[in-house]
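[1] model the structure of this input:
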Amino acid sequence: MSYLPDTFAALGNTTRFAIVERLLNEGELPAGEFLDIGDVSPPAISRHFKVLREAGIVVQRVDKQRRMYSVRPEVVRGINVWAMSYRQFWQGSLDRLALALEKERGKI
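    Residues are numbered from 1 along each chain as shown. Here you go, the predicted structure:
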């Protein structure tokens, strides 16, 4: 999971996050479909896709004149595994806190 800092850095930009969200919801799309995201020019969209490719979040496929993009599922799985590992940590901490509060109140 050494790639996660680069992943989160790339996703920390609202435009790139919106691009990835749309790809997750709609599947593979051509770059031209993203010109309606905010006030972003075609060269800026290309730069955003470059950042996402370099971070390993998306892959590009050439289809004649179009550049098609999709999210790499293993990256999404990695984020999920990382987030769930901390969810378990916090759930355990909250359970211990609840037990301590019940003891404090004399319910146990």
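
[2] where exactly do the helices run in this protein?
    In the chain, the segments counted as helices under DSSP state H are 4-11, 14-26, 42-54, 73-104.

[3] show me the one of those that comes nearest Arg66.
    helix 42-54 (12.5 Å; CB to CB). For the C-beta atoms, the positions are set from N, CA and C on the backbone; glycine is no exception.

[4] confidence-wise, which of the helices of the chain is weakest overall?
    Here the helices of the chain differ in mean pLDDT, and the lowest is helix 73-104 at a mean of 88.

[5] only the buried residues of that one, if you could.
    For helix 73-104, the neighbour count (16 or more other CB atoms under 10 Å) marks 75, 78-79 as buried.

[6] just to revisit the earlier point, let's have the helices of the chain in a markdown table, adding distance to Arg67.
    Output for those, formatted as a markdown table (distance: least, CB to CB, whole Å):
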| stretch | distance to Arg67 |
| --- | --- |
| helix 4-11 | 18 |
| helix 14-26 | 13 |
| helix 42-54 | 8 |
| helix 73-104 | 19 |
